[in-house]
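# Show me how the following folds:
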Amino acid sequence: RVPLDVDLFIPNVFTPNGDGSNDIFFIRNLPQEGSVNFLSITNRWGKQVFVSENYQNNWDGADAADGIYFYSLKIADNQPVTGWVEIIRGPKP
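Residues are numbered from 1 along each chain as shown. Below is the predicted model:
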């Protein structure tokens, strides 16, 4: 038997370049049904570039330039989880 990994995993990089691989900020094991997942993304100067009251793994970094951004994720009544994520688009496929 292989144990099922149910831990929350937040990546520190994604590559929204339209190649169909790693194009969204996908948080593995993010509770979906019946949970409120508040996500806020800011740039290095603290300006909010994305916010979602009920994040559904759908941020594609559309209007954000390549670089490092900071997130705050609050799931239901738990303490916020904070960290950083880098957008690397690279060449178009």
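# Select the longest strand from this protein.
strand 67-75 (DSSP state E).
# List the buried residues in that one.
The neighbour-count check on strand 67-75 (16 or more other CB atoms under 10 Å) flags Tyr69, Tyr71, Leu73, Lys74, Ile75 as buried. For the C-beta atoms, the positions are set from N, CA and C on the backbone; glycine is no exception.
# Mind putting those residues into a markdown table with pLDDT?
Below are the buried residues of strand 67-75 laid out as a markdown table (pLDDT from 0 to 100):
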| residue | pLDDT |
| --- | --- |
| Tyr69 | 97 |
| Tyr71 | 97 |
| Leu73 | 95 |
| Lys74 | 94 |
| Ile75 | 90 |
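# Reformat these as CSV; add distance to Asp7.
Shown next, in CSV, are the buried residues of strand 67-75 (distance: CB to CB, whole Å):
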residue, distance to Asp7
Tyr69, 23
Tyr71, 17
Leu73, 14
Lys74, 17
Ile75, 13
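# coming back round to it: residues in contact with the next helix or strand after the longest strand of the chain: which ones?
Per DSSP states H and E, the first helix or strand lying C-terminal to strand 67-75 is strand 81-87. For strand 81-87, the external contacting residues (CB atoms under 8 Å, 6 or more residues apart in numbering) are 8, 10-16, 25, 41, 61, 64-75.
# as a whole number, average confidence for strand 81-87?
Here strand 81-87 scores 96 as its mean pLDDT.
# between that strand and strand 67-75, how big is the angle?
With axes from the mean of the first three to the mean of the last three CA atoms, to 10 degrees defining the directions, strand 81-87 sits at 150 degrees from strand 67-75.
# hey, where'd the strands end up in this protein?
For the chain, the strands defined by DSSP E cover 13-14, 37-42, 48-52, 67-75, 81-87.
# returning to what we had before: what's the longest strand of the chain packed up against?
In terms of contacts (3 or more CB pairs under 8 Å, 6 or more residues apart in numbering; DSSP states H and E), strand 67-75 is packed against strand 37-42, strand 81-87.
# show me what contacts the residue nearest to the spatial centre of the chain?
Geometric centre of the chain, nearest residue: Phe25, 3.8 Å, by CA atoms, centre = their mean. Shown here is Phe25, whose contacts under the criterion CB under 8 Å, 6+ apart are Pro11, Phe14, Ile41, Asn57, Trp59, Asp60, Gly61, Val85.
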